[in-house]
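S.K.: Below is the sequence, then the predicted model.
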Amino acid sequence: MARSSSSTSSSWSWARRLPCYDGDSGDRLPSSLGTTAQQRPMLIRKNLVSPYDPRYKVWEIFLILLVAYSAWICPLEFAFLRYLPRAPFVVDDVVNGFFAVDIVLTFFVPYVDSKSCLLVDDPKKIAVRYLSTWFAFDVCSTFPFHSISLLFNKHDHSLGLKFLNALRLWRLRRVSSLFARLEKDIRFNYAVIRCTKLISVTLFAIHCAGCINYLIADRYPDPRRTWIGAVMPDFREDGLWIRYVTSLYWSITTMTTTGYGDLHAENTREMLFGIAYMLFNLWLAAYLIGNMTNLVVHSTSRTRDFRDMVQAASEYAARNQLPRQIEEQMLNHICLRFRTEGLKQQETLEILPKAMRSSISLYLFFPVVQGSYLFKGVSSGFIQQLVTAMQAEYFAPKEDIVLQNDKPSDLYLLVSGAVDVLAFLDGTEQVYGKSAEGELLGEVGVMSNKPQPFTFRATKLSQTLRISRPKLMDMMQENTGDGLTIRSNFQQLRASNAQKLRMEQRLYIAVHQDDPVPASEERRLDP
């Protein structure tokens, strides 16, 4: 992860230009938010630690676990310091040692300048930046005040010492940054991360409030005139676990606004703290409810809109006395639209540049278009233009893709699914044949520029590629040789399918009974 810079002068400011990062969170803005460190190698100076080194990432995760421990033990020591055994303070010194190592390590970790979007690995700039920002806070939160105080006064439990120990809560900023990164990371579920953050904030608030309220009771001159002493007169004689659980019980009943029964304020200090805590709970409740509401609304709004649309379509069909078949087609189309919108395929393609959209279309649809009979023998360049101009569409079962006698406006290519070829003849709808994957739909009307001779109806969920007739004709006119090949392919198929031609002729005559078929049209239709 590092390279030698012996040939680089010490006065030369070495920086590698990178895509712009967020200066606070350190995330790469343009790239995939789930990209790992191995996928983005960095060239930095020797003796420096890359911020994207997997080993440094493991170190950061380890520190997060230590922060969680500090967030739990710090309020506990703040309230129950005189009752705790020696072991937690030994662990605190070990934890402080790890954070002291991190302070030193920070001087060797390059940073990304939020203004210039450069990865800066100049040691002087790294040091100046850290010393002018979080260095003083990190040192104060790591200094072992309790252990040093024991060297001078073995039983010093003053509030001043407790407030100094509470500086360790400064480390919680690492957890805030972690959640900010995880919410943007596509490898993790956003709702799960968000709910975990909300639950963590709630539990930490309950823990801190319970500990502070116990401290107020413990420091009050008359223990019996406290919220816990009124119920447990000799509470100081009880075990640490009982007092801690009682404090949490008071904190939860206050936060959830279930009211005060057995535990309530007994003196002015407790009343003032209770007022401050309940005002804080108003803000916290609004924060939690707002976030949870947003998560629920985001997950259910599409389903609600879908059900409203289905109900509106059913009411419309009933109000206008539409046939059952048409109503089913309407509902099937709405259901299919709901499923395909969830995929967000079109939205995803629209945010991509044109060249990338073309590459995706070529990768997905080039083989199926090239295998169609109408485009056999044409150049690859023409097929590339054709694929780029096509749009993917889905059709639900029993949904009509092309209607008989409709104006020829679009040409469809069946990518997947199955389609019935229908014709309304002699007063009844008859199945003429079936179209399989890779076949064209509606090409007769498009190429002959006459009303569509058949109805094409999907029999199962079908995906098609659609191109409008004007676009196709313009492309054939611009590429004369390919246009002639396409027309030749069409005429050859027509000549080899006499039965289909005779049915088209019957359909044409049936539709234009008052307008006899011209001789030129009879000759064109004659197989």
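M.R.: Here it is on my side, so go on. Just so you know, these numbers come straight off a predicted model, no measurement behind them.
S.K.: Now stretch 136-150: buried residues?
M.R.: Neighbour-count burial for stretch 136-150 flags 138, 141-146, 149 (criterion: 16 or more other C-beta atoms under 10 Å). C-betas here are computed from N, CA, C, even on glycine.
S.K.: Is it possible to get TSV of these that adds distance to Leu484?
M.R.: Below are these laid out as TSV (distance: C-beta to C-beta, whole Å):
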residue	distance to Leu484
Asp138	76
Ser141	80
Thr142	81
Phe143	86
Pro144	88
Phe145	90
His146	91
Ser149	96
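S.K.: mind giving me CSV with the residues you listed and columns for pLDDT, distance to Gly417 and secondary structure?
M.R.: Below are the buried residues of stretch 136-150 laid out as CSV (pLDDT from 0 to 100; distance: C-beta to C-beta, whole Å; DSSP: H, G, I helix; E, B strand; the rest coil):
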residue, pLDDT, distance to Gly417, secondary structure
Asp138, 89, 62, helix
Ser141, 87, 63, helix
Thr142, 88, 65, helix
Phe143, 84, 70, coil
Pro144, 82, 71, coil
Phe145, 77, 72, helix
His146, 71, 72, helix
Ser149, 68, 77, helix
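S.K.: going on from the host helix or strand of Trp59, what's the next piece of helix or strand?
M.R.: Trp59 belongs to helix 54-80 when assigned by DSSP states H and E. Tracing the chain C-terminally past helix 54-80 and defining elements by DSSP H and E, one meets helix 87-106 next.
S.K.: what's the following helix or strand after that next one?
M.R.: strand 111-112.
S.K.: Quick one: mean pLDDT over that next one.
M.R.: Across strand 111-112, pLDDT averages out at 83.
S.K.: how near is the nearest residue to Ile216 once chain neighbours are set aside to Trp227?
M.R.: Excluding the flanking residues, the one nearest Ile216 by C-beta to C-beta, 6 or more residues apart in numbering is Arg269, at 5.2 Å. Separation of Arg269 from Trp227 (C-beta to C-beta, to the nearest Å): 10 Å.
S.K.: So which of the two has more stuff around it?
M.R.: Trp227 (25 against 15; other C-beta atoms under 10 Å).
S.K.: contacting residues for that one?
M.R.: Counting by C-beta atoms under 8 Å, 6 or more residues apart in numbering, Trp227 touches 213, 217, 250, 263-266, 270.
S.K.: Might one say that Ala396 is in contact with Leu336?
M.R.: Yes - using C-beta atoms under 8 Å, Ala396 is in contact with Leu336, at 4.1 Å.
S.K.: May I see the buried residues of the helix holding Trp59?
M.R.: 56, 59, 63, 66-68, 70-71, 73-80.
S.K.: Which one of these is nearest to Ala392?
M.R.: Lowest distance from Ala392 to those (C-beta to C-beta) belongs to Tyr56, with 43.8 Å.
S.K.: Spatially nearest residue to that closest one, not counting backbone neighbours?
M.R.: Of all residues not flanking Tyr56 in the chain, Val49 sits nearest, at 5.5 Å (C-beta to C-beta, 6+ apart).
S.K.: Equivalent analysis for Ala205, please.
M.R.: Leu284 (6.1 Å).
S.K.: Remind me what whichever strand or helix holds the one you found packs against, helices and strands.
M.R.: Element membership for Leu284 (DSSP H and E) is helix 268-319. Judged by 3 or more C-beta pairs under 8 Å, 6 or more residues apart in numbering; DSSP states H and E, helix 268-319 is in contact with helix 190-219, helix 240-255, helix 324-343.
S.K.: Just want the most central residue of the chain.
M.R.: Nearest to the mean C-alpha position of the chain, by C-alpha atoms, centre = their mean, lies Ile186 at 5.7 Å.
S.K.: count of neighbours near the spatially closest residue to Asn267 that is not a sequence neighbour?
M.R.: Closest residue to Asn267 apart from its sequence neighbours, by C-beta to C-beta, 6+ apart: Arg225 at 5.4 Å. A count of nearby residues for Arg225, using other C-beta under 10 Å, gives 13.
S.K.: for Thr106, same thing?
M.R.: By the criterion of other C-beta under 10 Å, Thr106 has 17 neighbours.
S.K.: Arg129 is in contact with that one, correct?
M.R.: No - judged on C-beta under 8 Å, Thr106 makes no contact with Arg129 at a distance of 9.7 Å.
S.K.: hmm, back to that, can I get the contacts of Trp227 in CSV including distance to Arg173 and pLDDT?
M.R.: Shown next, in CSV, are the contacts of Trp227 (distance: C-beta to C-beta, whole Å; pLDDT from 0 to 100):
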residue, distance to Arg173, pLDDT
Asn213, 25, 92
Ala217, 31, 91
Trp250, 29, 91
Leu263, 33, 84
His264, 35, 85
Ala265, 33, 88
Glu266, 36, 89
Glu270, 31, 91
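S.K.: between these, which is nearest Ile467?
M.R.: Trp250 (70.8 Å).
S.K.: pLDDT weak spots in the stretch 151-300 of the chain?
M.R.: Applying pLDDT under 70 to the stretch 151-300 of the chain flags the ranges 151-161, 259-261.
S.K.: if we can go back for a sec, format the helices and strands packed on helix 268-319 as CSV; extra columns: distance to Arg302 and mean neighbour count.
M.R.: Output for the helices and strands packed on helix 268-319, formatted as CSV (distance: least, C-beta to C-beta, whole Å; neighbours: other C-beta atoms under 10 Å):
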stretch, distance to Arg302, mean neighbour count
helix 190-219, 14, 18
helix 240-255, 33, 18
helix 324-343, 7, 14
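S.K.: would TSV of the ones you listed with distance to Asn449 be doable?
M.R.: Formatted as TSV, the helices and strands packed on helix 268-319 follow (distance: least, C-beta to C-beta, whole Å):
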stretch	distance to Asn449
helix 190-219	52
helix 240-255	74
helix 324-343	28
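S.K.: Just tell me which of those helices ends up closest to Leu403.
M.R.: Of those, nearest to Leu403 by C-beta to C-beta is helix 324-343, at 11.7 Å.
S.K.: what's in contact with that closest one?
M.R.: Outside helix 324-343, the residues that touch it by C-beta under 8 Å, 6+ apart are 302, 306, 309-310, 313-314, 316-317, 322, 394-400, 461.
S.K.: Now that helix: average pLDDT?
M.R.: Here helix 324-343 scores 74 as its mean pLDDT.
S.K.: quick one: that helix to helix 268-319, angle?
M.R.: Angle, helix 324-343 to helix 268-319, by axes from the mean of the first three to the mean of the last three C-alpha atoms, to 10 degrees: 140 degrees.
S.K.: phi, psi of Asp410?
M.R.: Phi and psi for Asp410, reported as degrees, to the nearest 10, are phi -140, psi 150.
S.K.: shift numbering so it begins at 20
M.R.: With the count now opening at 20, the last piece we talked about shows up as Asp429.
S.K.: And it, how far from Tyr75?
M.R.: In this structure, Asp429 and Tyr75 are 56 Å apart, going by C-beta to C-beta.
S.K.: Direction included, what does the helix or strand containing Leu138 pair up with?
M.R.: Assessed by DSSP H and E, Leu138 sits inside strand 137-139. The strands beside strand 137-139 in its sheet (DSSP bridges) come out as strand 34-36 (antiparallel), strand 130-131 (antiparallel).
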